[in-house]
Each structure stands twice: as structure tokens, then as C-alpha cells.
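> With the input below, show me the fold.
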Amino acid sequence: MAKDSNLLLTKLKTMKKIIIKNEQEIMNALMTGRIVEGRLVLVRTNDGQMTIEFKAYNRKPKKRSKDRLVCYLEHGWVKESPERIKVFESLPKRLGGLKMAVALDREVDVVTDLLLENRW
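Have a look, this model is predicted:
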């Protein structure tokens with residue numbers, strides 16, 4: 001095993017070529033500043049020489065569906081995503097604590113009615 005690894009190391013030191021699959025796409029990605037992930041593979045060519053080949057991973061970007069607006073609230077909104085119901089509320093500070101509590105309570109009642117009626 002040690003002889004094989006030493007032989008392989010000496011062959012790697014004498015190699016000058018790295019073959020890149022999809023070189024145009026990889027170069028375009030590198031020129032735009034993206035990181036290209038992949039793997040290096042030791043390949044024996046038809047004429048018996050060993051070369052290093054770089055194969056980029058073919059990963060697709062994650063696509064997230066847009067949330068659907070269910071309704072507008074007085075100070076926010078209710079949206080539906082594939083996994084969640086999202087409620088957003090933003091109150092101005094000038095209302096004061098008591099009016100904020102009343103407004104939040106009113107908005108919670110509206111959202112509760114929507115959920116119980118299941119209008120979306």
C-alpha cells in the first residue's frame with residue numbers, strides 16, 4: 001500500500017494537466033464572483049496517462065414560492081405560505097401603550113375570525 005501511494009505521489013508531481021468539464025460555464029461563474037464547488041478525480045486516459053479531472057457539482061438554486069396575501073390589517077397583513085400562516089403587525093409608538101394593546105387585541109380578533117372561517 002505504501003509503495004502504491006508513493007508511486008501515485010510521484011506521478012501526481014509530474015502531471016501538468018487538469019481537465020475541466022464544462023469549462024466555459026465554470027469560467028463564467030468564476031468571473032461573476034461565484035464559488036464553484038466540485039470534486040477532483042484521478043482519471044486514466046486512453047493512452048494510459050493519468051490526469052486530474054475537475055467535475056463541478058450541478059446544483060440548482062432553491063426556489064421559494066411567493067407568499068399569498070390573505071388580507072390587510074389596519075397596521076399589518078396576513079399571508080399564507082405553503083407551510084405557515086404569517087401575521088405581521090407594526091404599530092406606531094405615538095399611539096401609547098393602552099391604544100397599542102387595544103389595537104393588537106382587535107387585530108388578533110380579526111385574524112382569529114379568518115382562521116375559524118378558513119376564508120382562504
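> From here on, just use CA atoms for contacts and neighbour counts.
OK.
> Doesn't residue 43 lie inside a strand?
Yes. Using DSSP: H, G, I helix; E, B strand; the rest coil, the assignment for residue 43 is a strand.
> Can you name the residues bridging to it?
residue 51 (DSSP bridges).
> got the contact list for it?
If you count contacts by Cα atoms under 8 Å, 6 or more residues apart in numbering, residue 43 has them with 50-53.
> Quick check, pLDDT for it.
The model reports residue 43 with a pLDDT of 79.
> Please determine how far it is located from residue 56.
Counting by Cα to Cα, to the nearest Å, the separation of residue 43 from residue 56 is 15 Å.
> for residue 37, same thing?
Distance, residue 37 to residue 56, using Cα to Cα: 6 Å.
> Now do the strands in the protein.
For the chain, the strands defined by DSSP state E occupy 18-20, 38-44, 50-56, 68-73, 76-80, 85-89.
> and residue 109, which of the ones you listed is closest to it?
Nearest of the strands of the chain to residue 109, taken as Cα to Cα: strand 68-73 at 10.9 Å.
> Identify the residues contacting residue 106.
By Cα under 8 Å, 6+ apart, the contact list for residue 106 is empty.
> one step back: now distance to residue 26 too, for the strands of the chain, in JSON lines please.
Formatted as JSON lines, the strands of the chain follow (distance: least, Cα to Cα, whole Å):
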{"stretch": "strand 18-20", "distance to residue 26": "9"}
{"stretch": "strand 38-44", "distance to residue 26": "10"}
{"stretch": "strand 50-56", "distance to residue 26": "8"}
{"stretch": "strand 68-73", "distance to residue 26": "36"}
{"stretch": "strand 76-80", "distance to residue 26": "38"}
{"stretch": "strand 85-89", "distance to residue 26": "39"}
